[in-house]
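[1] next comes the sequence, and after it the predicted model I'd like to discuss.
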Amino acid sequence: MDGARDTRDLELSRDWIDRLAPEVLSVPGNHDVGDLVSIRSDQPVDNARLANWKRIIGPDRWVRDVGGWRIIGLNAMLLGTGHPEEDHQFRWLQTLTKNDRPVALFVHKPLCIDDLKESSRGYWTIAPEPRTRLTALLADLPVRLIASGHLHIERKRDIGGISHVWCPAASFVVGAIQENLGGTRRLGYIEHSFGAETVTSRFVRPDGLVDLPLDPVIQEIYPV
């Protein structure tokens, strides 16, 4: 909930991850390493928060070649910060552009809502300038899937010939405090099944799951 402020949240997450049987690869989000200064001046992405993530959870960017696919995880929270690690990550990504395998990219924030050329959407997406820089690099890769979270919404949409899939949260549903961004607000997860050249993304809702709304909690903490 607030690992960017309290590392005990990251440590608890690490404990839960360690209980899972399969290998788990994670990408950091705003509740883990902070955000842009313009969005959260009290929790900017900085050396300490990045170091805490790497020490407790693991790498903030990674690549795996699985079957015929290349799976890439990026630290979206670096994009637009101007932190030295932002350039390091872009240079690292450039080393992966000579690749014939279909690519699936996993990031916390979605690149856009509806259009890769849209103006800033503030808190919701990657900012326009780093988005343009990223999509220029991705143009040299056979990207089939861009998977993200952050918005607590389940949605699948083809944008520019690439499947952009938003994964809902397993924690809580965000409702009235969030503008209408399309998709469905419900708890669950997304299962991606990879074929030779295509990927199928399926929403899964475990039995007994209850949609816990965040709005009453926010209204209690921050009454209007």
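    Perfect, I can see it now. Numbers count the residues shown, from 1 in each chain.

[2] helices of the chain, start to end?
    7-18, 30-33, 47-56, 84-94, 128-138, 215-221 (DSSP state H).

[3] how close does T135 sit to L93?
    12 Å (CB to CB, to the nearest Å). Every residue, glycine included, has its C-beta placed from N, CA and C.

[4] cool, V27 as well?
    V27 is 13 Å from L93, where distance means CB to CB.

[5] intersection of neighbour lists for those two?
    Taking CB atoms under 8 Å, 6 or more residues apart in numbering as the criterion, V27 and L93 both touch L74.

[6] between these two, tell me which one has more neighbours.
    Neighbour totals were compared for V27 and L93, and V27 leads with 26 against 20 (other CB atoms under 10 Å).

[7] how much space between that one and R40?
    Separation of V27 from R40 (CB to CB): 18 Å.

[8] what do you get for H83?
    Distance, H83 to R40, by CB to CB: 14 Å.

[9] okay, those two: which has more neighbours?
    H83 (18 against 14).

[10] right, and the more buried one touches A48 too?
    No - in this structure H83 lies outside contact range of A48 using CB atoms under 8 Å: 11.8 Å.

[11] point out where the protein drops to low pLDDT.
    175-178, 217-224 (pLDDT under 70).

[12] spatially central residue for it, please.
    The centroid of the chain falls nearest to H108 when counting by CA atoms, centre = their mean (1.0 Å).

[13] now the strands for the chain?
    Assigned strands in the chain, in chain order: 62-66, 69-73, 103-106, 143-148, 155-159, 162-166, 189-194, 199-204 (criterion: DSSP state E).

[14] for these, which one sits closest to L214?
    With CB to CB, the closest approach to L214 among the strands of the chain belongs to strand 162-166: 16.8 Å.

[15] right, I'll leave it there.
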